[in-house]
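please work out how this folds:
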Amino acid sequence: SGAVGLESVKNSKADGYTIAYMPVESTMIKSLGLTDITSDDFTFIGRAMTIPAAVTVRSDAPWKTLEEFLKYAKENPGVVQVGNSGTGSIWHISAALLEDNYGCEFTHVPFDGAAPAIAALLGGNIDAVTVSPSEVKSGVDSGDFKVLAVLGEEKSSIVPDVSTAKELGIDVVAQGWGAFAVPKGTPDD
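Residues are numbered from 1 along each chain as shown. Model prediction:
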């Protein structure tokens, strides 16, 4: 989750020459027991982006809609295996928010990043992933995957024809973000 790199930036000279890319997970890594640093150890320069989770399944999956997918998961607790980019990652949290909101239960399958989770989905080893639209775009373009919904405030420019969960009546928003920061105490100039 970036703990090693963020530790390095935190401990560097506060002169503006060492900058960290801060993923949303940087706000969670202390809670996960990976480090003692928090976002308070940095001065944020600015946000670079936000990106929604994309609930993605194989094209041959039996679910045509997000509602069918969640209904099946609710009727079959723990049967649906949802891959993510690691325990405590924003993509793990995204699937957990869907569970909490809809009252269903997934089996969460953590991977060392989104790429192995996507490969497992492609191979039919798991049923779905909740990762960014850009991470599944090539699988969507090739016809291997379909995105059931994005969990953003608005539609994604990556998969513009896909509805948000909110548009489908499921009140869940889960977005990753990325920002740049410097060690606390770095002069503004």
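
only C-alpha atoms from now on, for both contacts and neighbour counts.
Noted.

which helix in this structure has the most residues?
Scanning the chain for the longest helix, with DSSP state H as the assignment, gives helix 90-102.

residues in contact with the following helix or strand past that helix?
As assigned by DSSP states H and E, the chain's next helix or strand after helix 90-102 is strand 107-110. Residues outside strand 107-110 that contact it (C-alpha atoms under 8 Å, 6 or more residues apart in numbering) are 78, 79, 80, 81, 82, 83, 84, 85, 86, 87, 92, 117.

scan this protein for its longest strand.
Determined from DSSP state E, the single longest strand within the chain is strand 42-52.

check contacts around the residue nearest to the spatial centre of the chain.
Among the residues of the chain, the one closest to the centroid is residue 91, at 2.7 Å (C-alpha atoms, centre = their mean). Neighbouring residues of residue 91 by C-alpha under 8 Å, 6+ apart: 53, 84, 85, 130, 131, 132, 176.

could you identify the most distant pair in those?
84 and 176 (12.9 Å; C-alpha to C-alpha).

which one of the two is surrounded by more residues?
More neighbours surround residue 84 than the other of residue 84 and residue 176, with 29 against 19 (other C-alpha atoms under 10 Å).

beta partners for that one?
Following DSSP bridges, residue 84 is listed with bridge partners residue 110.

flag the shaky bits of this structure, pLDDT-wise.
1 (pLDDT under 70).

the helices in it, which residues?
Using DSSP H, the helices of the chain run over 3-10, 66-75, 90-102, 114-122, 133-142.

need the CA coordinates for the first one. CSV is fine.
Written as CSV, here are the backbone C-alpha positions of helix 3-10 (Å, rounded to 0.1, in the frame of the first residue of the first chain):
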residue,chain,number,x,y,z
ALA,A,3,4.0,2.4,3.2
VAL,A,4,7.8,2.0,2.4
GLY,A,5,7.8,4.8,-0.2
LEU,A,6,5.7,7.1,2.1
GLU,A,7,8.1,6.4,5.0
SER,A,8,11.0,7.4,2.8
VAL,A,9,9.3,10.7,1.8
LYS,A,10,8.2,11.5,5.3
